[in-house]
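Enquirer: the following comprises the amino acid sequence and a computationally predicted model.
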Amino acid sequence: MSRDKSSFSFDILAVDRASGVPMHRQLYEALRSYVLQGRLGAETRLPPTRFLAQQLGVGRNTVIAAYDQLLAEGYIEARPGSGTWITALNRPIAKIRVANDVSRNFDLSARGRRIASHPPPQRTRDKINLHPGFPDAADFPFATWSRLLTRNARRPSADLLTYYDFAGDRRLREAIADYLGVARGVDCVAEQVIVVSGAQAALDLIARILMDEGDIAWMEEPGYRGARSALLGGGARLLPLRVSRQGWSLNDPDLRPARLIYVTPSCQWPLGTIMRMEERLQLLAIAERRNAFIIEDDYDGEYRFRGRSVPALRGLDRAERVIYVGTFGKTMFSSLRLGFLVVPRTLAEPFARAISVTGQFAPLLLQATLADFIREGYFAAHLKRMRRLYARRQEQFIELCHQRLAQWMTVTENDSGMQVLGRFVFPFDDRAVAAAALARGIDVQPVSINYGHDEPEHGLLLGYAGLNAEQMMQAVTALRATFQDLARTPARREHRA
């Protein structure tokens, strides 16, 4: 006997008694269209005629007549003792087409079209992942996390069963405030901490709350395109705050006064530069003088491998001009989707109210579990272990690159962060390199996508943190073969103008 594979709900079937079309014909046409659209697949069992007639409030003969017509045309078959089933058709099923061209969706607002026009981050399954920002999930203490999660799920408090505070679980906000004071030099209280579903949600929330259409924002150039997308989605007019290995061009005369200033001072994305103290003080003075807010994206400030940890810019802020953005996706595992903001005291209540409208709050069960993970010392122990592991892996990865890739690319060490920058010796198009590497099973990010105004530098931003020794060797070997192939085809080397 065939097995019923249906997940289709026949509750949506209905007949219109006021229609001039006979009810058995309405039922026949509805079922026929579901079959042709693929919504009712082969080996789906139809309800018994008596049951469906009762559900629709029609006579059984009406359903029998519809089934008989479908049977005569070969859409269904009757199996004695088993019921009535959809037949496997020998012709293609007409699928419903969904338009992917955003520009043709005239129902979107101007802001909606702007947001939807930005491409999502590229991720490819079943490839060795050299994308930046991915931690090693294999070394995460999932047994401990599972135990804490189960403990909260088995004995949930009333606070976990409904939302009393949209800004986040009180225990987690207190734990984050305490942690930031010790680890990142950020002086704040729980009321200033807003928990959201990841750093991108935090950036989107800031842009929505603090930007009006056409307001100026300074955006690092090159800089993180997720932040660029969030600011543009909020209506910002972006001016480039240029960054090099030497630092931030804060004295650029072309920089008009801004409402928001986005920076990554602890490990600049993508160059890896660390903002000097004099630059930090100058930036804070600019923000105070011009009544601007600074967005400090501290995406992996916890990972410093040489020298003393660099305190967050927020820790130097005495004028309450810095909004600090952090994420647990870089320190724990990527799919956790938990991030947070630390806002000035005057913005704490507006942000807490706004998040109830935007819906960017994270599941409370995960928040409670993370609070326990931090409070009971597991988070600090995990960070300490990962800091040692990533320092060792960066050293191993750079040595491999020097041995096998020096002919085509120079890779230098970083004092912090989970990725390193590879600069081309020859003028390769980094998008072509990324595409060729993907064909060899390696997923990498081109540097040029992080530019929004200037002629882009071409290179690769290489995330090494999630790779063991075997994967590193496979990745570097595949990159070597990629460069060898491209070097044989000079026409493919030249980067775009």
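Expert: Cool, got the structure.

Enquirer: report how many residues lie close to residue 87.
Expert: By other CB atoms under 10 Å, the residues close to residue 87 number 16. For the C-beta atoms, the positions are set from N, CA and C on the backbone; glycine is no exception.

Enquirer: dump the residue contacts of it.
Expert: Residues in contact with residue 87, defined by CB atoms under 8 Å, 6 or more residues apart in numbering, are 42, 74-77.

Enquirer: for residue 468, the count of nearby residues, please.
Expert: 13.

Enquirer: helices along the stretch 1-150 of the chain, start to end?
Expert: 23-36, 49-56, 60-72, 110-116, 142-154 (DSSP state H, counting those that start in this stretch).

Enquirer: mind listing the strands for the stretch 201-350 of the chain?
Expert: Along the stretch 201-350 of the chain, counting by DSSP state E, counting those that start in this stretch, strands occupy 216-221, 237-244, 247-248, 260-263, 293-297, 322-327, 339-342.

Enquirer: nearest to residue 152, out of the ones you listed?
Expert: strand 339-342 (18.8 Å; CB to CB).

Enquirer: next, the nearest residue to residue 179 once chain neighbours are set aside: phi, psi?
Expert: Distances taken as CB to CB, 6 or more residues apart in numbering place residue 374 nearest to residue 179, at 6.0 Å, with adjacent residues excluded. Here is the backbone geometry of residue 374 (degrees, to the nearest 10): phi -80, psi -50.

Enquirer: isn't residue 374 right up against residue 175?
Expert: Yes: Residue 374 lies in contact with residue 175 (CB atoms under 8 Å); the separation is 4.2 Å.

Enquirer: before we move on, the earlier item: quick one: contacts for the residue nearest to residue 179?
Expert: Neighbours of residue 374 in contact, by CB under 8 Å, 6+ apart: 172, 175-176, 179, 380.

Enquirer: of these, closest to residue 320?
Expert: Out of the contacts of residue 374, the member with the shortest distance to residue 320 (by CB to CB) is residue 176, at 18.2 Å.

Enquirer: residues touching that closest one, list them.
Expert: Counting by CB under 8 Å, 6+ apart, residue 176 has contacts 190, 193, 195, 326, 340, 374.

Enquirer: for the second one, give the beta-bridge partners.
Expert: By that I understand residue 193. When bridges are called by DSSP bridges, residue 193 pairs up with residue 342.

Enquirer: point out where this protein drops to low pLDDT.
Expert: Applying pLDDT under 70 to the chain picks out residues 1-9, 90-106, 119-124, 307, 490-497.

Enquirer: how about 80 then?
Expert: Within the chain, the ranges that satisfy pLDDT under 80 run 1-12, 38, 89-107, 109-126, 158-164, 305-310, 489-497.

Enquirer: show me how it divides into domains.
Expert: The chain breaks down into these domains under automatic domain parsing: 10-86, 141-376, 381-492.

Enquirer: which one of those lies closest to residue 110?
Expert: domain 141-376 (9.0 Å).

Enquirer: what is the end-to-end distance of the closest one?
Expert: 13 Å (CA to CA, to the nearest Å).

Enquirer: repeat for stretch 64-79
Expert: 15 Å.

Enquirer: what's next to that stretch, contact-wise?
Expert: With CB under 8 Å, 6+ apart, stretch 64-79 has contacts from 1-2, 24-25, 27-28, 31-32, 35, 46, 49, 84-87, 89.

Enquirer: return the distance of it from the chain's centre.
Expert: Relative to the chain's own centre, stretch 64-79 is displaced by 48 Å; criterion: CA atoms, centre = their mean, to the nearest Å.

Enquirer: circling back to that earlier point, are any of the contacts of stretch 64-79 buried, and which?
Expert: Neighbour counting over the contacts of stretch 64-79 (16 or more other CB atoms under 10 Å) leaves 24, 27-28, 31-32, 35, 46, 49, 84-87 as the buried ones.

Enquirer: want to throw the residues you listed into a markdown table with distance to residue 277?
Expert: Formatted as a markdown table, the buried ones among the contacts of stretch 64-79 follow (distance: CB to CB, whole Å):
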| residue | distance to residue 277 |
| --- | --- |
| 24 | 82 |
| 27 | 76 |
| 28 | 78 |
| 31 | 73 |
| 32 | 74 |
| 35 | 70 |
| 46 | 74 |
| 49 | 81 |
| 84 | 78 |
| 85 | 75 |
| 86 | 71 |
| 87 | 75 |
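
Enquirer: with the residues you listed in mind, which one is nearest to residue 265?
Expert: residue 35 (59.9 Å).

Enquirer: quick check, residue 127 in contact with residue 440.
Expert: No: here residue 127 lies out of contact with residue 440, judged by CB under 8 Å, at a distance of 9.1 Å.

Enquirer: can you give me the helices for the stretch 351-497 of the chain?
Expert: Using DSSP H, counting those that start in this stretch, helices in the stretch 351-497 of the chain cover 364-375, 378-405, 430-439, 469-487.
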